[in-house]
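Peer 1: I'll drop the sequence and a predicted model, then ask my questions.
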Amino acid sequence: MLVAAAVCPCPPLLVAEVAAGAAHELDAARTACADALGVLAAARPDRLVVVGAAGPGGSGAYPEGAPGSFRGFGVDVDVRLGTAGGARPARVLPPSLSVAAWLLDRVRWADAPVEGLGVDERLSPERCAHTGRELAARAGRTALLVMADGSACRTLKAPGYLDERAASFDAGVAGALAAADTAALKALDVSLAYELKAAGRAPWQVLAGAAEGAGLAGELLYEDAPYGVGYFVATWS
């Protein structure tokens with residue numbers, strides 16, 4: 001069953017080494033992420049599943065110890081998912097899960113085994129919700145860490161340029177996360193999310209499926225769009 005969930009943004013710039021001199025611009029987001037991970041630890045889960053957006057080649061399951069890297073972003077920073085010892089699996093984490101691995105290492109997460117799930121950004125809402133239900137139906141106490149960004153069209157300098165629909169879309173997501181509103185997340189429009197470059201749509205809908213009937217309460221810890229991209233940190237517990 002699902003006992004807690006946290007939602008965090010997943011831009012590589014959240015990694016301080018990648019942001020370099022501009023790292024302070026996301027200090028508030030990093031602090032909120034650490035607080036959200038504290039909520040997950042307090043729920044005493046038997047396992048933590050990290051869910052993040054991925055392209056077709058990066059979707060699927062990742063075991064504890066899977067490696068990730070930010071060398072493609074110009075820094076010699078390598079990560080691994082969780083603290084499992086032994087040989088590292090060969091499959092490399094997608095960026096969203098690599099950011100999660102960096103966050104977990106930063107708070108020295110060792111409260112429960114960790115595994116990852118890359119979700120194809122094109123996956124239908126129905127399949128996303130079904131995936132979430134499967135995660136929640138597993139034996140034991142499950143917590144989710146959902147790595148997901150909102151629209152990328154909030155300003156003229158945003159990656160997707162300015163789209164007047166972006167602010168309303170992100171406000172709807174923020175409201176759903178604050179209220180732990182699974183129906184609102186499942187109802188997110190796939191086409192609109194795609195047009196607004198909101199890579200978080202599929203992971204949020206996995207969360208919605210997992211949280212059905214769990215009776216969790218939501219709290220929004222952070223909401224901003226510092227680079228024209230909607231970033232949210234929330235907890236469901």
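Peer 2: The structure has been received and is ready for your questions.

Peer 1: Could you export the helix or strand of the chain with the lowest mean pLDDT as PDB, keeping only the C-alpha atoms?
Peer 2: Every helix and strand in the chain was compared by mean pLDDT, DSSP states H and E; the lowest is helix 16-19, with a mean of 90. Once non-C-alpha atoms are left out, helix 16-19 reads as follows in PDB (Å, rounded to 0.1, in the frame of the first residue of the first chain):
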ATOM      1  CA  ALA A  16      24.400  22.300  -7.300                       C
ATOM      2  CA  GLU A  17      27.500  21.300  -9.300                       C
ATOM      3  CA  VAL A  18      25.600  21.700 -12.600                       C
ATOM      4  CA  ALA A  19      24.200  25.100 -11.600                       C
END
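
Peer 1: What residues sit buried inside it?
Peer 2: Neighbour-count burial for helix 16-19, with 16 or more other Cβ atoms under 10 Å as criterion, is recorded at A16, V18, A19. Just so you know, the C-beta spots here come from the backbone N, C-alpha and C atoms, and that holds for glycine as well.

Peer 1: same question, stretch 140-160
Peer 2: Using 16+ other Cβ under 10 Å as the test for burial, stretch 140-160 gives 142-155, 158, 160.

Peer 1: what sits against the nearest residue to L117 once chain neighbours are set aside?
Peer 2: The shortest distance from L117 to any non-neighbouring residue, by Cβ to Cβ, 6 or more residues apart in numbering, is to V51 (4.9 Å). The neighbourhood of V51, defined by Cβ atoms under 8 Å, 6 or more residues apart in numbering, consists of G116, L117, V119, L135, L144, L145, V146, M147, P203, V206, L207.

Peer 1: Which helix or strand lies directly C-terminal to the strand or helix carrying V51?
Peer 2: In the assignment (DSSP states H and E), V51 maps to strand 47-54. Toward the C-terminus, strand 47-54 is succeeded by strand 60-62 as the next helix or strand (DSSP H and E).

Peer 1: Touching that following strand from outside, list them.
Peer 2: By Cβ under 8 Å, 6+ apart, the list of residues contacting strand 60-62 reads A54, L81, P89, R91, L93, L97, E115, G116, L117, G118.

Peer 1: I'd like to know how many residues surround the closest residue to E219 other than its chain neighbours.
Peer 2: Beyond its immediate neighbours in the sequence, the residue positioned closest to E219 (Cβ to Cβ, 6+ apart) is T235, lying 5.1 Å away. For T235, the tally of surrounding residues (other Cβ atoms under 10 Å) stands at 26.

Peer 1: How about the secondary structure of T235?
Peer 2: Classification of T235 by DSSP: H, G, I helix; E, B strand; the rest coil places it in strand.
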